[in-house]
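> Below are the sequence and a predicted model; questions follow.
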Amino acid sequence: MIKKSVFGLLAMFFAAQLFAQREVVDKIIANVGGEYILLSELEEQLALAKEQQGAKLPPDARCFMMDNLLTQKLLVNQAKIDSVEIKDDEVEAQLNARIEQILEYMGGDVNQFEDYYGQSIGEVKESFREDLRNQLLSERMRSKVMEGITVTPSEVKAFYKKIPRDSLPYFNSEVEIGEIVMKPEVNATERQKAIDKLKAIRTRIVDDGQKFEEMATKYSDDFASARIGGDLGWTKRGKFVPAFEAAAYKLEENEISDIVESEFGFHLIQLLGRRGNSIHTRHILVKSEITEEDLDLTMRKLDTVRQLLLTDSISFSRAVKKYGYKEVQSYNNDGKMVNGGSGNSFFEIGDLDPSVYFTIDTMQVGGFSKPFSYADPRGETFYRLINLQSRSQPHVASLEKDYSKIQTAATEQKKSSHTSNWVSEKVSSTFIRIDQSLQTCPNIDKWLVGAER
């Protein structure tokens, strides 16, 4: 399930755009080349910041937000000049992903979604489409501007030396954690039950003339697509898992596949259209039921691996590759878990899932936990054992202990400086008009060089 703060952020992205379009009276407060900023956009940014921070904003928040909006519009304007391309199916995929996240939080309840926004899903997508395209253009252009920016070890050291000693950050205790994950395997009886169920559904569609979309709505275990008849939309190669994709691309238009097995279960796939390297498909998914016996067997297997590790009969890295589940991120990192927030392998205690936190609480560095179960974002049960690989003590930042963090900070500062220089260069050759009410902002001065006042 999505955390409430993430849901709020996603929800406000859509609500903000719908609010702007419902406003009968709005005001253009700035032009940047061919792009413009509405007063409602600025108000929405302020509302979003207040929602995220949950506190009163600083006095200069309005000026700071305006500066950000001007930068975004400059990036979009330049992206259009440079013919940066955002394809329709990329926008569609992003729209679908955001709506699916909100629906997941709402338990898949379409009625709740439509009541919340006052529009159908299709209408919400259409309302937000152009704004999302511009957001993607801004991000693509920013990446282009930042391309190739790195810092050398000497730059990292110089950055660190410039930080006043009394301003060095204080880092809490951090840990590095390895894991071996196992996914319970379905027994032969339950596997056959799922196959037989899908065979019967296929017969009803192919031989008895039942509509594929009605069968998907009624029987598919993929609740996100089931509510729209199993429709998966237009996608390019690489979107689906290999088994599903290989079968889908072999189909003729309107053809229905035989039963296809993937890591998610068993599928019937229908090809609705083909457009170059993109296909439009729908499917019916039937999952096999995992029994208590299957779960117990997985627990025993993982405990056997633990015994091999405790007796030094196998290295941790080798055990990950031999016994671990390949689809988790840590598998390709020698079992080391990656912190999604920082992108590195270090976790503060507060960043850890509670089940992991309580597992390592009394562990010694180098130790191996007993296997325990957890649920992935789709609600499926997995088992993992934990290897506590390092634990640092709280300390003041130093090059020796925190080089990667200091390197990241130095890189971000260099990128920020590069962006400022790029903005200054483009401002001098771009038509800019800013409303008089905002020209008193001190950080707006750089935008007024050659601007219409």
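Ah, there it is.
> From here on, just use CA atoms for contacts and neighbour counts.
Noted.
> Am I right that residue 227 is in contact with residue 220?
No. Here residue 227 does not reach residue 220: they are 9.2 Å apart, not a contact under Cα atoms under 8 Å.
> so where's the chain uncertain?
The model of the chain has pLDDT under 70 over residues 1-25, 54-55, 107-108, 450-453.
> for it, what spans make up the strands?
For the chain, the strands defined by DSSP state E occupy 28-32, 35-38, 170-171, 174-182, 231-236, 260-262, 265-275, 278-286, 347-348, 372-375, 381-391, 395-396, 432-434.
> closest one to residue 334 among those strands?
Minimum separation from residue 334 across those (Cα to Cα) falls at strand 174-182, 7.8 Å.
> Alpha carbons only: can I get that closest one in CSV?
What follows is strand 174-182 as a C-alpha-only set of coordinates in CSV (Å, rounded to 0.1, in the frame of the first residue of the first chain):
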residue,chain,number,x,y,z
GLU,A,174,23.5,3.4,10.1
VAL,A,175,23.5,-0.2,9.0
GLU,A,176,24.2,-2.1,5.8
ILE,A,177,22.0,-5.2,5.4
GLY,A,178,22.2,-8.2,3.1
GLU,A,179,19.2,-10.5,2.4
ILE,A,180,18.4,-13.8,0.8
VAL,A,181,14.8,-13.9,-0.4
MET,A,182,12.8,-16.9,-1.3
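> quick one, it and strand 381-391 angle?
For strand 174-182 against strand 381-391, the angle by axes from the mean of the first three to the mean of the last three Cα atoms, to 10 degrees is 150 degrees.
> quick one: residue 73 from residue 129, how far?
Distance of residue 73 to residue 129, given as Cα to Cα, to the nearest Å: 16 Å.
> So these two - more neighbours on which side?
Higher neighbour count among residue 73 and residue 129: residue 73, with 23 against 18, using other Cα atoms under 10 Å.
> hmm, back to that, ok, which of the strands of the chain comes nearest residue 161?
Closest approach to residue 161 among the strands of the chain (Cα to Cα): strand 395-396, 13.9 Å.
> partner strands of the closest one, parallel or antiparallel?
strand 170-171 (antiparallel) (DSSP bridges).
> List of residues touching the partner strand?
Contacting residues not belonging to strand 170-171 are listed as 394, 395, 396, 397 [Cα atoms under 8 Å, 6 or more residues apart in numbering].
> likewise stretch 253-270?
Stretch 253-270 is contacted by residues 194-195, 198-199, 202, 241, 243-244, 247-248, 251, 271-274, 281-288 when judged by Cα under 8 Å, 6+ apart.
> go again using 6 Å as the cut-off
Residues outside stretch 253-270 that contact it (Cα atoms under 6 Å, 6 or more residues apart in numbering) are 243, 271, 272, 273, 281, 282, 283, 284, 285, 286, 287.
> can you pick the most crowded of those residues?
Within these, most neighbours by other Cα under 10 Å means residue 284, with 29 neighbours.
> Surely that residue and residue 220 touch.
Yes. Using Cα atoms under 6 Å, residue 284 is in contact with residue 220, at 4.8 Å.
> before we move on, the earlier item: which one (most neighbours) among the contacts of strand 170-171?
Neighbour max across the contacts of strand 170-171 (other Cα under 10 Å) = residue 397, 19 neighbours.
> how far away is that one from residue 185?
Residue 397 is 45 Å from residue 185, by Cα to Cα.
> re the thing from before, can you pick out the residue with more neighbours from residue 227 and residue 220?
When residue 227 and residue 220 are compared for neighbours, residue 220 comes out ahead with 24 against 18, by other Cα under 10 Å.
> That one is in contact with residue 283, isn't it?
No. Here residue 220 lies out of contact with residue 283, judged by Cα under 6 Å, at a distance of 8.0 Å.
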